[in-house]
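Undergrad: need a 3D model of the following:
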Amino acid sequence: MKRGSEGFKVFLHDGKRYRGKTYPVEVRKTFGAGDAVASAFIASLIAGKTMEEAIDYGSISAAISISLTDCSESL
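TA: Sure, this is the predicted structure:
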């Protein structure tokens, strides 16, 4: 679940919950942040990263995305 400036949450079927933190960056735009989170998170899981690592990659990707002026530049 994407939560904007509050990061995002992951809920698993077994009841476990995880929270993606935010990183302090200068926000230049917000569009594309959710796509950045989702793509980095899913790619990390596919690559065999742990849930915690995948969540962190998603958070970092969103921070990079919102700190640059266009999506193609940031991703």
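
Undergrad: count the neighbours of Thr22 for me.
TA: 16 (other C-beta atoms under 10 Å). (C-beta placed from N, C-alpha, C; glycine too.)

Undergrad: just give me how far the longest helix along the chain sits from the chain centre.
TA: Longest helix in the chain, counting residues (DSSP state H): helix 51-67. Centroid separation between helix 51-67 and its chain, computed with C-alpha atoms, centre = their mean, to the nearest Å, is 4 Å.

Undergrad: now stretch 63-71
TA: When C-alpha coordinates are averaged (C-alpha atoms, centre = their mean), stretch 63-71 and its chain have centres 12 Å apart.

Undergrad: residues in contact with that stretch?
TA: Taking contacts as C-beta atoms under 8 Å, 6 or more residues apart in numbering, the residues outside stretch 63-71 that touch it are 22-23, 25-33, 35-36, 74-75.

Undergrad: need the max-distance pair from the residues you listed.
TA: Greatest spatial distance among those (C-beta to C-beta): Glu26 and Asp35, at 19.8 Å.

Undergrad: where does the protein dip in pLDDT?
TA: For the chain, the stretches with pLDDT under 70 are 1-7, 70-75.

Undergrad: which element is the residue of the chain positioned farthest from its centre on?
TA: Here the chain reaches farthest from its C-alpha mean at Asp14, the gap being 21.8 Å by C-alpha atoms, centre = their mean. Asp14 is part of no helix or strand, with elements assigned from DSSP states H and E.

Undergrad: could you list every residue that touches it?
TA: By C-beta under 8 Å, 6+ apart, Asp14 has no neighbours at all.

Undergrad: and it, how far is that from Ile46?
TA: According to C-beta to C-beta, to the nearest Å, Asp14 stands 20 Å off from Ile46.

Undergrad: more crowded one of Glu26 and Asp35?
TA: Asp35 (15 against 7).

Undergrad: distance of Ile64 from Glu26?
TA: Ile64 sits 12 Å away from Glu26, taking C-beta to C-beta as the criterion.
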